[in-house]
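J.: The amino acid sequence is not available; the structure is as follows:
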Ligand SMILES: O=P(O)(O)OC[C@H]1O[C@H](OP(=O)(O)OP(=O)(O)O)[C@H](O)[C@@H]1O
Ligand SMILES: Nc1nc2[nH]cnc2c(=O)[nH]1
Ligand SMILES: [Mg+2]
């Protein structure tokens, strides 16, 4: 069957736990301190909200603006739409933009057009989006879909010995 345009074929998943996300956000904050101080943070909603909150605490920044860009429905990439502009950030001078990840780089490209003077940082970067971010913590392969802690829940799985087809 042919894929519909924009449909992804995810070969792998990378699950990020709350602990890991917190650690990665703190690592990013450490590399941001020498690049500051910042007038404020622009969180790219929704994925950038929690990383931005953690980083804001670490770098002692209390002015938080948001930009809302919708690009994906589940794993399907669509036409990006800006639902809310970051009015308080002007052209981005002195501001730090935070998102959870760059994948194709489309979201980052739009955000950069609106805030050309801001620094853009994210936790995870796939190769296509990597050139669009100034800073990131972990590179993720392009064929891997990152499962954030807010996307997932612990699930009961039966012991191996009880799986159908297993003798005994
Ligand atoms: O580099 P790209 O290919 O543009 O993908 C990266 C963007 O995709 C996700 O946001 P999404 O549009 O799913 O919205 P959300 O943050 O509300 O989950 C993620 O949070 C990034 O913002
Ligand atoms: N959760 C999640 N959202 C995305 N948006 C674009 N790429 C990804 C990804 O790998 N994981
Ligand atoms: Mg997002």
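T.: Structure's in. What do you need? From a predicted model like this one, the values you see are computed outputs, not experimental measurements. Ligands and ions are numbered 1, 2, ... in the order given.

J.: what is the mean pLDDT for whichever helix in the chain runs longest?
T.: When the chain is parsed with DSSP state H, its longest helix is helix 18-32. The average pLDDT within helix 18-32 is 98.

J.: contact partners of that helix?
T.: 16, 38, 50-51, 54-55, 58-59, 96, 119, 121-124, 135-138, 148-149 (CB atoms under 8 Å, 6 or more residues apart in numbering). Where you see a C-beta, it was placed from the backbone N, CA and C, and this is true even at glycine.

J.: cool, stretch 126-146 as well?
T.: Stretch 126-146 is contacted by residues 8-14, 16, 24, 27-28, 31-32, 35, 75, 100-105, 108-109, 112, 119-125 when judged by CB under 8 Å, 6+ apart.

J.: sorry, back to before: mark which of the contacts of helix 18-32 are buried, thanks.
T.: 16, 38, 50-51, 54-55, 58-59, 96, 119, 121-124, 135-138, 148 (16 or more other CB atoms under 10 Å).

J.: Point out the ones among these that are inside strands.
T.: 96, 119, 121-124, 138 (DSSP state E).

J.: which residues of the protein fall in helices?
T.: Under DSSP H, the chain gives helices at 18-32, 49-59, 106-114.

J.: My guess is residue 87 contacts residue 65. True?
T.: Yes - Residue 87 is within contact range of residue 65, at 7.4 Å (criterion: CB atoms under 8 Å).

J.: Can I have the buried ones of the contacts of stretch 126-146 as a PyMOL selection?
T.: Typed into PyMOL, the next command selects the buried ones out of the contacts of stretch 126-146 (criterion: 16+ other CB under 10 Å):
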select buried, resi 16+24+28+32+100+101+102+103+104+105+108+112+119+120+121+122+123+124+125
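
J.: Give me the most central residue, the chain.
T.: residue 100 (1.7 Å; CA atoms, centre = their mean).

J.: which one is that one nearest to, not counting chain neighbours?
T.: residue 47 (3.6 Å; CB to CB, 6 or more residues apart in numbering).

J.: does the one you found really touch residue 101, like I thought?
T.: Yes - taking contacts as CB under 8 Å, residue 47 lies within contact range of residue 101: 7.0 Å.
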